[in-house]
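>>> Fold the following, please.
(one chain, ligands or ions: 1)
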Amino acid sequence: MASHPPVVVTGASGLIAKHTIAEFLRRGFAVRGTLRSMEKAEEVRQAVVRLGCDAGKVSFIVADLSNDGGWNEAVAGSQIVVHTASPFPIAQPDDPEEVIAPARDGTLRVLRSATAGAVARVVLTSSTVAIFYPSGVAKGHVYSEEDFSDETRNDLTPYIKSKTIAEKIAWDFIESTPGAPELAVINPSFVQGPALDGDLSTSHELYRIMARGTYPAVPKISFPVADVRDVAAAHVEAALRPQAAGNRYLVGEGHLSLYDLGQILARELPDLRSKVPKFELPDAAVKAMALVDKKMRTVLPELGEKKDYTNLRAKTDLGLELRPADTAATAAIRSLRELKLI
Ligand code: NDP
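Residues are numbered from 1 along each chain as shown. As a prediction, this is how the structure comes out:
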């Protein structure tokens, strides 16, 4: 196995990337991670060690989604590129292009360099947000990999648009570019599971905000949950299994509401019980608040029905056994307490 060329993982400092790097190391691959700045190299090494792996098998190269520098060098000599890097802000910017441009242009940069470097397969980290917001879907629809969000909907956040546009442009590129690598796409839902350090993903940041007592009440919204350990395994299987080429995979299990997350937080850490949301806001109240509150506006597309979905393709094609949503949330909370972050 040691003779494999290194697997490239973009955005190595991200939560999903760190777990994915560790999973590749466990399978005997060396990994080359891209970073916006070398300053985060030590953070990634420590995360990998925390996951029981040899950090000596990880090297780094600097590349930013917003410019061309470094990408050809990053993928040189590699057969597999896993592209996880993408802006994932906790607050939506006033100018949507701040999020959309790096997601879209960065994906194209990675794909162009991968084509030039004769990479065999790219695995792209998309999201269920690129699936869950099509136009004209009937109530009760069961979402699957057949669904694509409609980025022209004007009720969607810049982040949702960025993930949808980046994934669509990747499929278009693969179809229209001679010599392009194979593409497989992972569409994770709300990612939970163990945090590894204080450089928190937005999905973990939510607990820190709840633990401060910031949300006495929350909108009635719920989402499927994916444990980051399963998301990492999904990326590795999608890189290695022949049948994954040309496919996208919805990775999620069960549902949890924002209120549920608060209740699990209180159950696991009773000292925070007084801080967690006490009740759910009626939808009508959220809609009224959205007239004046920009943050509330971003949850409007989530109000209403709980999205039914299937994760069958990920389970059968990628051989995944997905951890239950409660297990994933519990692992997130326990890791944050262990790291003394909540
Ligand atoms: P993180 O915020 O932990 O990771 C995001 C990564 O992207 C970081 O490495 C970050 O680098 C990098 N990045 C952001 N902007 C740029 C840029 N301009 N140039 C280069 N790198 C950049 O989040 P996650 O690990 O959770 O997310 C990883 C991917 O998974 C993203 O594509 C996200 O959209 C997707 N995803 C996440 C879900 C979740 O719930 N967490 C759910 C579904 C999909 P830096 O450290 O320098 O900021």
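>>> From now on I want contacts and neighbour counts done on CA atoms only, so please keep to that.
OK.
>>> list the contacts for Val299?
For Val299, the contacting residues are 219, 221, by Cα atoms under 8 Å, 6 or more residues apart in numbering.
>>> quick one: it and Gly11, what's the gap?
Per Cα to Cα, to the nearest Å, Val299 is found 27 Å from Gly11.
>>> same check, this time on Ala244
The gap separating Ala244 from Gly11 is 22 Å, by Cα to Cα.
>>> try Lys287
Taking Cα to Cα, one finds Lys287 at 36 Å from Gly11.
>>> Surely Cys53 is in contact with Arg26?
Yes - contact criterion Cα atoms under 8 Å: Cys53 and Arg26 qualify, at 7.0 Å.
>>> ok, the two, which is more surrounded?
Cys53 (19 against 14; other Cα atoms under 10 Å).
>>> tell me the pLDDT at the more buried one?
Looking at Cys53, its pLDDT is 98.
>>> Report the contact partners of the residue nearest to it when sequence neighbours are not counted.
For Cys53, ignoring the flanking residues on the chain, the nearest one in space by Cα to Cα, 6 or more residues apart in numbering is Ala22 at 6.3 Å. Residues in contact with Ala22 (Cα under 8 Å, 6+ apart) are 48, 51, 53.
>>> do the same with Glu280
Glu280 makes contact with 217-220, 259, according to Cα under 8 Å, 6+ apart.
>>> now Lys295
If you count contacts by Cα under 8 Å, 6+ apart, Lys295 has them with Ala91.
>>> What is the subsequent helix or strand relative to the lowest-mean-pLDDT helix or strand in the chain?
Least confident element among the helices and strands of the chain, by mean pLDDT, DSSP states H and E: helix 294-297 (a mean of 74). On the C-terminal side of helix 294-297, the closest following helix or strand by DSSP states H and E is strand 308-309.
>>> and the following helix or strand past that following strand, what does it pack onto?
Remark: after strand 308-309, the chain's next helix or strand is helix 312-318, criterion DSSP H and E. Counting contacts by 3 or more Cα pairs under 8 Å, 6 or more residues apart in numbering; DSSP states H and E, helix 312-318 is packed against helix 228-240, strand 248-251.
>>> Put the alpha carbons of stretch 149-166 into PDB.
Extracted in PDB, the C-alpha atoms of stretch 149-166 (Å, rounded to 0.1, in the frame of the first residue of the first chain):
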ATOM      1  CA  SER A 149     -31.800  22.400  -5.600                       C
ATOM      2  CA  ASP A 150     -32.800  25.300  -7.800                       C
ATOM      3  CA  GLU A 151     -30.300  28.100  -7.200                       C
ATOM      4  CA  THR A 152     -32.500  30.700  -8.900                       C
ATOM      5  CA  ARG A 153     -35.000  30.500  -6.000                       C
ATOM      6  CA  ASN A 154     -34.800  33.800  -4.200                       C
ATOM      7  CA  ASP A 155     -35.600  32.400  -0.700                       C
ATOM      8  CA  LEU A 156     -32.300  30.400  -0.600                       C
ATOM      9  CA  THR A 157     -29.200  31.600   1.400                       C
ATOM     10  CA  PRO A 158     -25.900  32.300  -0.300                       C
ATOM     11  CA  TYR A 159     -24.500  29.200   1.200                       C
ATOM     12  CA  ILE A 160     -27.200  26.900  -0.200                       C
ATOM     13  CA  LYS A 161     -26.700  28.600  -3.600                       C
ATOM     14  CA  SER A 162     -23.000  28.200  -3.400                       C
ATOM     15  CA  LYS A 163     -23.100  24.400  -2.800                       C
ATOM     16  CA  THR A 164     -25.700  23.900  -5.500                       C
ATOM     17  CA  ILE A 165     -23.900  26.000  -8.100                       C
ATOM     18  CA  ALA A 166     -20.500  24.300  -7.200                       C
END
